[in-house]
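Peer 1: requesting a structural model of the entry that follows:
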Amino acid sequence: MEKRKINTLPTLETAKDSYEIHLSEDGYTKVFNNKTGKYLKQTIGKGKDNYVVCSLVTVDGKSKKTYLHRLIGLAFIDGYKEGYFVDHGDNDKENNHISNLEWVSHKENTQRAVKNGCGVGRPKKPKVYMTKLEISQSSNNGKKQLSYEDVTRIFALLDDDLSMTEIAKTIGVSQPAVSQIKSGKRWSEHPSSIEYRNQVIV
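Peer 2: Residues are numbered from 1 along each chain as shown. Next up, the predicted model:
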């Protein structure tokens, strides 16, 4: 059995030191808490986003819901880059066998979702043919100027489970601005915003 300390993985440094992710010889994984001597309970998200999740406690005592497939990717699968996603090869979000998972770019993830008919709901009438400049101009609307690339990175960091406060400091904007972008009040036409609203649960 292979083991990895969760707080040594990218984006999960704030998790308590007691957590480990265990990969068994049959290719499946569980999250173990050394403090309690027990494996963490895994739950299934509701609605379209029925990924397997577990709750980790951070060093400051907060509970953090985390995707199991992403934990597996960070611990045992090569290819992680900031903004990348862990994709399920057979399109079954509950099948977290290591052979079924791989890192893909944002573009690849979106293309696969469209091809497989998953994660694609009914966004608020996106202007499909808007250019990056048009999206930027309509989304900023007199507020602090954010670039198209800034917003792409915000959603990548959300996917990496960073808090809105952490993201705000990283990007150099206010926390309310990140909150508005996350909820779709700003930059709702951005492809990352559309995808996030259709599939994220945390």
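
Peer 1: identify the residues contacting stretch 19-29?
Peer 2: 1-7, 30-34, 39-40, 56, 68, 71-72, 75-76, 96-99 (C-beta atoms under 8 Å, 6 or more residues apart in numbering). Where C-beta positions appear, they are placed from N, C-alpha and C, glycine not excepted.

Peer 1: measure Ala15 to Ser163 for me?
Peer 2: Separation of Ala15 from Ser163 (C-beta to C-beta, to the nearest Å): 13 Å.

Peer 1: so which of these two has more stuff around it?
Peer 2: More neighbours surround Ala15 than the other of Ala15 and Ser163, with 22 against 16 (other C-beta atoms under 10 Å).

Peer 1: quick check: phi and psi at Ala15.
Peer 2: phi -70, psi 150 (degrees, to the nearest 10).

Peer 1: same check on the one 4 residues further on?
Peer 2: With angles defined as degrees, to the nearest 10, Tyr19 shows backbone torsions of phi -90, psi 140.

Peer 1: now the residue lying closest to it once chain neighbours are set aside: how far from Asn91?
Peer 2: Closest residue in space to Tyr19, ignoring its immediate chain neighbours: Ile6 at 4.1 Å, by C-beta to C-beta, 6 or more residues apart in numbering. Ile6 sits at a distance of 27 Å from Asn91 (criterion: C-beta to C-beta).

Peer 1: report the beta-bridge partners for the residue lying closest to Asp159 once chain neighbours are set aside.
Peer 2: Spatially, and ignoring its direct neighbours in sequence, Asp159 is nearest to Phe85 (6.6 Å; C-beta to C-beta, 6+ apart). On the basis of DSSP bridges, Phe85 is bridged to Val104.

Peer 1: how about stretch 152-170: buried residues?
Peer 2: 152-164, 166-168 (16 or more other C-beta atoms under 10 Å).

Peer 1: cool, stretch 21-28 as well?
Peer 2: Result for stretch 21-28 [16+ other C-beta under 10 Å]: buried residues 21, 23.

Peer 1: surely Glu94 meets Ile44?
Peer 2: Yes. When contacts are counted by C-beta atoms under 8 Å, Glu94 is listed as touching Ile44 (6.6 Å).

Peer 1: list the residues that are in contact with both of the two.
Peer 2: Both Glu94 and Ile44 are in contact with 50-52, where contact means C-beta under 8 Å, 6+ apart.

Peer 1: helices or strands up against whatever helix or strand Ser179 lives in?
Peer 2: Applying DSSP states H and E as the criterion places Ser179 in helix 175-183. Judged by 3 or more C-beta pairs under 8 Å, 6 or more residues apart in numbering; DSSP states H and E, helix 175-183 is in contact with helix 148-159, helix 164-171.

Peer 1: which neighbouring elements make contact with the longest one?
Peer 2: Packed against helix 148-159, as judged by 3+ C-beta pairs under 8 Å, 6+ apart, are the following elements: helix 132-140, helix 164-171, helix 175-183, helix 191-199.

Peer 1: how's this structure carved up into domains?
Peer 2: The record's domain parsing of the chain by automatic domain parsing lists 2-116, 132-199.
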